[in-house]
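Novice: just need the structure, nothing else, for what follows:
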Amino acid sequence: MHYFLKIKLNHTINIILLTVLVLSSFPNHVFADGMVIHRPDPYSNRWDYSSENNQQAFINYENGIEKLIISIDVDKPKTSEMLWLFPIPSNPEKVVVDIIKNLPKFSGEEISGKAKTQLSGIRNFLLSTQIYTLPYVMLYGRSGGYGTKLSMNMPVAGGFGSIQESAEQDVVVYDHVEKEGMITEIITAKTSRGLYDYFKSKDLDIDKGTIPVLDQYIGKDFSFVASWIKPIIPSEQEIENKIPELFNYPIRFPKFGTILSKLNSDFPDFEEISNNNSTMSSKLINKKRLEYLQNNSIAKKGLVNIIQLNPELITPMKEEFPIEVTIPPSRMFNIPEDNRTADSQQNQRGIFVTFPSSKIFYPLIPTSVYGTKTIPMTIRNIGHVSPEIYADIKNHTNVKYYLGYNQDLGEGLDKFYKGKGLELKYTKIDLLAPSKLLTQDLWINQHAPLKLYYSSFIGNHPNFIKIILLILASSLSGVIVSVVLFPDSRSLRKLPRYFALGLFNALSLIGLMIAIVFYNTKQIIPYEQIMQLKQKGYFERRRMALILFIICSPFAILSLYPISVALATYFYGLYFRYYPSQLFFVILIIFLLLIFAFHLKKIKPEDKYLFDQLNTQKISSWTFQPKDSRKLAFIPLYSLTFIVISLLLIKIIENTV
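Specialist: This is a model prediction of the structure:
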């Protein structure tokens, strides 16, 4: 089936940038976004779409001027030329085009991810207030954030000449530049017939009706940018110079195995080398293969022909696209533990277009010609913006917002961004949709979504969020458990008391335990025994002893682990983990306080009968208040309620940032 390119341009001025790229030795071809068309057979007029693999775009929009850097990766042309085409929403007189050698390098922390990381820390803090959850938090509660650091490069050359009239009828050449192996022309056509004649003068037989998606731009204030790319066919001498490296360092060439398969198929003697020397190392076998080729001109010529038809066979190994790698915060130094990633890739080239626009624009419709194929697209926009994502691609689009520090986007990009060394806000839009769904171009509003301010506040003020959630979860838990256990709390008049009781959890579960132990849940009768014990000093000493027991006992239990590790290390020479000496000093203080508490709780023999009478009257010998078993149930019920409410609050916030 034959495909013919039809471009009908009327009622509007159109810009065409024709670029002939004479590329250096065997690089990947990278061009701006849109559609790419090639001629499979250089001796026929049949046209087809070239496969796109990836699209990258960088946008800086200021004062109604859009600065757009775009590039894509396509399969290499082997024997024919390629045409790339995409629209720009502006008149050609106001469009400035340049070609840059390197793509911008973006790095920063992802704001939503940072907020979630902070929430994870807040969750661990809330759980830690219950003390007995500390082992779980220490072992399983650690969390780390990630961000995105993007780095990509893309060399091309460009420039502009003077405006001149074209020889073709109805066609005006705005610019013609020949620089660094590249030919660039910017033209406008008054009529579609003049444009077709212009293409024919460039040996392009373009017919009408081939690409209907372009009709959506006809009659509107749009321009078109087009580029021509010629295939790279390496010379025989270039290939012959590459052969020694190919066999001496095959690991550098991912398709070395394909070369061997073709040579084995075409030259049985070549295949015998590996069959007869199977016990040798691959290095020695490759050495013999190289000697065979150097001594056999026919086989050598065959290899040259194979590579000329498939030059990608000797393309060295490299990372051709951004590869996102998560970096644990523990591996980062002198930077916040936030949401970060890093990528690396070889040089890529980009086309830099500057034009006026009422809104930020990125062309999607031309890519729809690829039908069901999914072409990954990544758009990075300086500033926090809101893309207008239509329904068909909503489920295929991911928008994230980043904040970078001390930014340096790379050399030669001053015209794109002049904020070197400053804080940089940017938006990353990832689109992974079947091409047939790209029925509209992407328009982007310059304002940030309200949700972003919410996420930023949480990420930047974790201590404030921590205090608010602690107060909210503590007070709610106090009220809920009190209503269940203490019927008198169900009156609105007394409810604030239990609301305040729950707030003691802000001092950890230990603080709450002390508060509930001394909290009056029953009416106190002034028994004579209590007055006598108070006069003898038992009232203060026993209460102080109880407070010390409540505070020190949990930590004494937790300290048994580092103590056992230290003893095993000392007596058996086993090394598990290093603990600082300050920790053991704290442990010593804890046990000394426990010993002091045992001393305070002592009862003189002559006063024991008073405590026996308190016990008969169901009065606590520690708090000197009526005993209430509901207090014992209050602590576990409260702790469980607090954990549930805390996790629920964190989950709700996580789902909204």
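Novice: and residue 371, what is it in contact with?
Specialist: Residue 371 makes contact with 434, 435, 436, according to Cβ atoms under 8 Å, 6 or more residues apart in numbering. Heads up, the C-betas are built off the backbone N, CA and C, glycines and all.
Novice: go again using 6 Å as the cut-off
Specialist: Applying Cβ atoms under 6 Å, 6 or more residues apart in numbering, one finds that residue 371 lies in contact with 435, 436.
Novice: cool, and residue 362?
Specialist: Contacts of residue 362 were listed using Cβ under 6 Å, 6+ apart, and they are 57, 379, 442.
Novice: okay, and the beta partners of it?
Specialist: residue 442 (DSSP bridges).
Novice: so where's the stretch 351-500 of the chain shaky on pLDDT?
Specialist: The stretch 351-500 of the chain contains residues with pLDDT under 70 at 406-407, 488-489.
Novice: likewise the chain?
Specialist: When the per-residue scores of the chain are filtered using pLDDT under 70, the ranges that remain are 1-52, 72-84, 141-215, 218-219, 226-233, 317-349, 406-407, 488-489, 524-527, 572-579.
Novice: now with 50?
Specialist: Per-residue confidence for the chain (pLDDT under 50) gives these ranges: 1-32, 143-170, 179-182, 319-347.
Novice: can you add distance to residue 302 and give the contacts of residue 362 back as CSV?
Specialist: Compiled in CSV, the contacts of residue 362 are given as follows (distance: Cβ to Cβ, whole Å):
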residue, distance to residue 302
57, 43
379, 46
442, 49
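Novice: which one (most neighbours) among these?
Specialist: When neighbours are taken as other Cβ atoms under 10 Å, the top entry among these is residue 379 (24 neighbours).
Novice: which residues are in contact with that one?
Specialist: Applying Cβ under 6 Å, 6+ apart, the residues near residue 379 are 57, 362, 429.
Novice: my guess is the last one is in a strand, correct?
Specialist: Yes: assessed with DSSP: H, G, I helix; E, B strand; the rest coil, residue 429 lies in a strand.
Novice: quick one: terminal-to-terminal distance for stretch 127-136?
Specialist: Taking Cα to Cα, to the nearest Å as the measure, stretch 127-136 stretches 9 Å from start to finish.
Novice: list the buried residues in it.
Specialist: Neighbour counts using 16 or more other Cβ atoms under 10 Å place 127, 128, 129, 130, 131, 133, 134 of stretch 127-136 among the buried residues.
Novice: show me which of the contacts of residue 379 is closest to residue 634.
Specialist: Closest approach between these and residue 634, by Cβ to Cβ: residue 429, at 51.9 Å.
Novice: now do the strands in the stretch 1-150 of the chain.
Specialist: Listed in chain order, the strands of the stretch 1-150 of the chain (DSSP state E, counting those that start in this stretch) span residues 16-21, 30-31, 35-38, 48-49, 52-62, 65-74, 82-88, 96-100, 105-110, 148-151.
Novice: for stretch 424-439, which outside residues touch it?
Specialist: Contact with stretch 424-439 is made by 106, 364, 367-368, 370-374, 376-385, 387, 392-393, 396-404, 407, as judged by Cβ under 6 Å, 6+ apart.
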